[in-house]
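*Asks:* Predicted model and sequence follow; I will ask about them next.
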Amino acid sequence: MKIYKVGGAVRDELLGLEPADNDWVVVGSTPKRMLSMGYKQVGKDFPVFLHPETKEEYALARKERSTGPGHTAFNFSYSPNVTLEEDLSRRDITINAIAMDDSGNLIDPFNGKDDLDNKIIRHVSDAFIEDPLRVLRVARFYAKLSDFKFGVYGETYKLCKNLINSLKHLPGERIWQETEKALELKNGFDYFHILNNFWRDSSGKSWSDFVLNKQQSGVTHLWDFYPKKYYYDFLQRLTGEDNKIRSAAYVASNAAGKYGWSDSIEITPEILWFIVCDILKYDSDIKYINERLKVPKKFKKTHSDIRKFCMLMRDNSSPPRINPEELYDAIEKIGDKNNYIDTYNKFRIALRVYAEYPILHRNYNDIKYTENEPSELENFFIDYYKITIDKDDNSLKGEEIKEKIKMKKIELIEQYYRKVSGWL
């Protein structure tokens, strides 16, 4: 029996990254022997075992054969006679098909180390086309290795282009598993960017066709819609790295130090999914993709909440402010009384996304004049969630209490408007 470290742990170690976890392949063993050594079996389709002390996964070397379309249509076979090379040959890309023995020696039958050195994402074999999930994995590793400037090898790109329409055979949950991993990456949008390129080169259509055809049916444009440019526009607004919004007045005001964004909003996986969904624009399309992929509730709620604020801002353009009662209704539907910062962040995301004119920054002041001092907008949300009935109101009951608190919250909104803008 021999044990080898394999896959991502070896790849990341060679790149100088801290591996998220270690995976091991066991050659020349059987389930019975693994159990006798204290390992606990967890695999259902094929034997995977947890180490009795480290709890890391140890899988018996195996071969696989496709039996139909989709990620689950495979037959697996394992025995003490399956070799390490046979096990590595079933992996998707060469940089994931490197093994390391207990002395640190590399076993690299598909030249994955050379591809690491040359910054290439390349498929291991023609068996790549047997599983459309591998298109998503190529896209995810492209995003993961973006800072290293990896590119997709030409023949691998062609395979992904030809295979991408077979994603329809995959269950939505499996697509989401890969997508959620991509959303957690620093350069997560590159996952969607490369998938868009595969799709465009496969069918002659792209994300841009999908968006423009539905928004402007029958209209021919000389320009095109680029998802990555759209994303970076979002990113610049949310992180505050670029305050140059389309209005020249805004640029002049910001140069004078009157308005602007003084801090960055963290791009969480949920916010990145909001950006992806916002590119789709239409509620019916967003609902479809959320249902198709079985997107978790927290991602759908983040998008829905921010969109509520966005629509209120979009609907009030002269002057661009939200009616106090409408803002109250939105906060009550969105907010968590134990977590004001969540509602505050969702509001300022909407503010930055739709802040086309400097008046929005004057009316909803989100400037921090000192590092440790909340902005006027944050102070508003802090005060909002502190509101309760006074001692003099203890005689009130049920709906009377709710109505009293509502009146006090609407009054706070009006006071906030007066303070920052001189309205009302």
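*Replies:* Everything's here; your move. Small disclaimer: the values here were computed from a predicted structure and weren't measured.
*Asks:* alpha carbons only for contacts and neighbour counts from here, please
*Replies:* Fine.
*Asks:* for the stretch 51-200 of the chain, what spans make up the helices?
*Replies:* 84-89, 112-118, 133-144, 154-163, 172-183, 189-203 (DSSP state H, counting those that start in this stretch).
*Asks:* Looking at these, spot the one closest to Lys40.
*Replies:* With C-alpha to C-alpha as the criterion, Lys40 lies closest to helix 84-89 of the helices of the stretch 51-200 of the chain, at 21.2 Å.
*Asks:* Can you tell me which helices and strands that closest one packs against?
*Replies:* strand 62-66 (3 or more C-alpha pairs under 8 Å, 6 or more residues apart in numbering; DSSP states H and E).
*Asks:* For my notes, please list the helices of the stretch 51-200 of the chain in TSV and give mean neighbour count for each entry.
*Replies:* Formatted as TSV, those follow (neighbours: other C-alpha atoms under 10 Å):
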stretch	mean neighbour count
helix 84-89	20
helix 112-118	17
helix 133-144	24
helix 154-163	19
helix 172-183	19
helix 189-203	20
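*Asks:* For Glu86, which residues are in contact?
*Replies:* Contacts for Glu86 (C-alpha atoms under 8 Å, 6 or more residues apart in numbering) come out as Ala61, Arg62, Lys63.
*Asks:* what residue ranges in the stretch 151-300 of the chain score low on pLDDT?
*Replies:* Residues of the stretch 151-300 of the chain meeting the criterion pLDDT under 70: 204-225, 240-262.
*Asks:* in it, which spans are strands?
*Replies:* For the stretch 151-300 of the chain, strands defined by DSSP state E, counting those that start in this stretch occupy the ranges 151-152.
*Asks:* sorry, back to before: among the contacts of Glu86, which one is most surrounded by other residues?
*Replies:* Neighbour counts for the contacts of Glu86, by other C-alpha atoms under 10 Å, peak at Ala61, which reaches 28 neighbours.
*Asks:* isn't that residue right up against Tyr78?
*Replies:* Yes: the criterion here is C-alpha atoms under 8 Å, and Ala61 meets it with Tyr78 at 6.2 Å.
*Asks:* could you dump whichever helix in the chain runs longest to PDB, C-alpha only?
*Replies:* Using DSSP state H, we find that the single longest helix of the chain is helix 399-421. Written as PDB, here are the backbone C-alpha positions of helix 399-421 (Å, rounded to 0.1, in the frame of the first residue of the first chain):
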ATOM      1  CA  GLU A 399     -51.300  47.800  17.000                       C
ATOM      2  CA  GLU A 400     -51.100  51.100  19.000                       C
ATOM      3  CA  ILE A 401     -47.500  50.300  19.900                       C
ATOM      4  CA  LYS A 402     -46.600  49.400  16.200                       C
ATOM      5  CA  GLU A 403     -48.200  52.600  15.000                       C
ATOM      6  CA  LYS A 404     -46.400  54.800  17.600                       C
ATOM      7  CA  ILE A 405     -43.000  53.300  16.600                       C
ATOM      8  CA  LYS A 406     -43.800  53.700  12.900                       C
ATOM      9  CA  MET A 407     -44.600  57.400  13.500                       C
ATOM     10  CA  LYS A 408     -41.300  57.900  15.400                       C
ATOM     11  CA  LYS A 409     -39.300  56.100  12.700                       C
ATOM     12  CA  ILE A 410     -40.900  58.200   9.900                       C
ATOM     13  CA  GLU A 411     -40.200  61.400  12.000                       C
ATOM     14  CA  LEU A 412     -36.500  60.300  12.300                       C
ATOM     15  CA  ILE A 413     -36.300  59.900   8.500                       C
ATOM     16  CA  GLU A 414     -37.700  63.400   8.100                       C
ATOM     17  CA  GLN A 415     -35.300  64.800  10.700                       C
ATOM     18  CA  TYR A 416     -32.400  63.100   8.900                       C
ATOM     19  CA  TYR A 417     -33.500  64.700   5.600                       C
ATOM     20  CA  ARG A 418     -33.600  68.100   7.200                       C
ATOM     21  CA  LYS A 419     -30.200  67.600   8.800                       C
ATOM     22  CA  VAL A 420     -28.300  66.600   5.700                       C
ATOM     23  CA  SER A 421     -30.300  68.400   2.900                       C
END
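*Asks:* Am I right that Lys368 is in contact with Pro374?
*Replies:* Yes: in this structure Lys368 lies within contact range of Pro374 using C-alpha under 8 Å: 6.0 Å.
*Asks:* Setting the sequence-adjacent residues aside, check what's closest to the residue nearest the centre of the chain.
*Replies:* Centroid-nearest residue in the chain, with C-alpha atoms, centre = their mean: Leu183, separated by 2.2 Å. Distances taken as C-alpha to C-alpha, 6 or more residues apart in numbering place Pro269 nearest to Leu183, at 4.8 Å, with adjacent residues excluded.
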